[in-house]
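**Q** The following block contains a protein sequence and its predicted model.
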Amino acid sequence: MADLSEEFGPDFITITDEDGNEFELEHLDTLEYNGQTYMAFFPAVPGEEDSGEAKDIDLDEEYGLIILKVIHADGEEQLSTLDSEEELELVYQQFMDALFDEEENE
């Protein structure tokens, strides 16, 4: 039997920016919008993944949601920043709508 924290725990990825800095991100959700795949992340809080405690997230607070899109380059999938502020706002609203729909259906 699998440990619940492993089975239902958050997914963490490490990304490297253009300057070679590494960041750990917690994957929140993925959605398709206008034929493009987008992924939403929260910056990982050091030590949080070790506590094993579920944390309630108040979506009304600003948590620094990071939205990246999946692009295909050199035959592999990569994550990229969005092309414009307008695209970011549209996709951000899609994620918020999806998150609030899930909360209402629980």
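**A** Cool, got the structure. Residues are numbered from 1 along each chain as shown.
**Q** elements contacting the longest helix along the chain?
**A** If you go by DSSP state H, the chain has its longest helix at helix 85-105. Counting contacts by 3 or more C-beta pairs under 8 Å, 6 or more residues apart in numbering; DSSP states H and E, helix 85-105 packs against strand 22-33, strand 36-43, strand 66-73. Quick note: C-beta positions are derived from backbone N, CA and C, even for glycine.
**Q** so where's this protein uncertain?
**A** For the chain, applying pLDDT under 70 flags the ranges 1-10, 45-63, 102-103, 106.
**Q** if we go to 80?
**A** Applying pLDDT under 80 to the chain flags the ranges 1-10, 17-18, 45-64, 102-106.
**Q** Thought residue 14 was touching residue 22, still the case?
**A** Yes. Between residue 22 and residue 14 there is a contact at 5.5 Å, judged by C-beta atoms under 8 Å.
**Q** Next one: residue 67 from residue 73, what distance?
**A** 18 Å (C-beta to C-beta, to the nearest Å).
**Q** The closest residue to residue 77 other than its chain neighbours: how many residues sit nearby?
**A** Closest residue to residue 77 apart from its sequence neighbours, by C-beta to C-beta, 6 or more residues apart in numbering: residue 70 at 5.4 Å. Residue 70 has 14 neighbouring residues, counting by other C-beta atoms under 10 Å.
**Q** Contacts only, for the nearest residue to residue 32 once chain neighbours are set aside.
**A** Spatial nearest neighbour of residue 32, excluding adjacent residues (C-beta to C-beta, 6+ apart): residue 38 at 7.7 Å. Neighbouring residues of residue 38 by C-beta atoms under 8 Å, 6 or more residues apart in numbering: 30, 31, 32, 67, 68, 69, 70, 82, 91, 94, 95.
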